[in-house]
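Undergrad: Provide a 3D model corresponding to the input given below.
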Amino acid sequence: MSTSLTQMEKIQLRKYLYLLRAFLNNEIAVSVFETSFLQLRREDIHWMASVSDNGIYRILDTLFLDVDEYAPDELYDERDQFNISESELKRRLGAHLVLLEELIS
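TA: All right, here's what the predicted structure looks like:
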C-alpha cells in the first residue's frame, strides 16, 4: 500500500517504529515503552491534528488503545476483558509494527 507521506510525517512515524522495535527486542522495559509512547503521542502534531494518512493513524489509535489496556503483572487480571498482559501487548504491537513498516516503506 502506498501513501503520500510528507518527510516530517515519515520522521515522526520512524520514532514510533524505533520505539516499538526497542520494546519488542527487549531493549527497554514495558514501563519505559509505555511512558515514551504516551509522550511521543502527546507531541505528535500530525496525529493530534489528524492531518496524516488515515490508515496509519488508525493503526496508531489502535496501538494507543492496546497500550492503555496494558496492566502490569501485579495488576493484571485475566478475567478482566479490559486489560492485557505484557505478552499480549507484545503480540499486538508486533502485528502493528508489521503494518506500519509496510505503510511507510
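
Undergrad: So Glu27 lies in a strand, does it not?
TA: No: using DSSP: H, G, I helix; E, B strand; the rest coil, the assignment for Glu27 is coil, not a strand.

Undergrad: Now do it against Leu20, distance only.
TA: 11 Å (Cβ to Cβ, to the nearest Å). To be clear about C-beta, it is placed using only N, CA and C from the backbone, and glycine gets the same treatment.

Undergrad: Could you look up the next helix or strand downstream of whichever strand or helix holds Leu60?
TA: If you go by DSSP states H and E, Leu60 is part of helix 54-69. Remark: after helix 54-69, the chain's next helix or strand is helix 86-104, criterion DSSP H and E.

Undergrad: CA-only coordinates of that following helix in PDB, if you can.
TA: Extracted in PDB, the C-alpha atoms of helix 86-104 (Å, rounded to 0.1, in the frame of the first residue of the first chain):
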ATOM      1  CA  GLU A  86       2.800  -7.800  28.700                       C
ATOM      2  CA  SER A  87       3.000 -10.800  26.400                       C
ATOM      3  CA  GLU A  88      -0.300  -9.900  24.800                       C
ATOM      4  CA  LEU A  89       0.800  -6.300  24.400                       C
ATOM      5  CA  LYS A  90       3.900  -7.500  22.600                       C
ATOM      6  CA  ARG A  91       1.900  -9.800  20.400                       C
ATOM      7  CA  ARG A  92      -0.400  -6.900  19.300                       C
ATOM      8  CA  LEU A  93       2.500  -4.400  18.900                       C
ATOM      9  CA  GLY A  94       4.300  -6.900  16.700                       C
ATOM     10  CA  ALA A  95       1.400  -7.100  14.400                       C
ATOM     11  CA  HIS A  96       1.000  -3.300  14.300                       C
ATOM     12  CA  LEU A  97       4.800  -2.900  13.600                       C
ATOM     13  CA  VAL A  98       4.500  -5.100  10.500                       C
ATOM     14  CA  LEU A  99       1.600  -3.000   9.200                       C
ATOM     15  CA  LEU A 100       3.300   0.300   9.900                       C
ATOM     16  CA  GLU A 101       6.500  -0.800   8.200                       C
ATOM     17  CA  GLU A 102       4.600  -1.800   5.100                       C
ATOM     18  CA  LEU A 103       2.800   1.600   5.000                       C
ATOM     19  CA  ILE A 104       5.800   3.800   5.300                       C
END
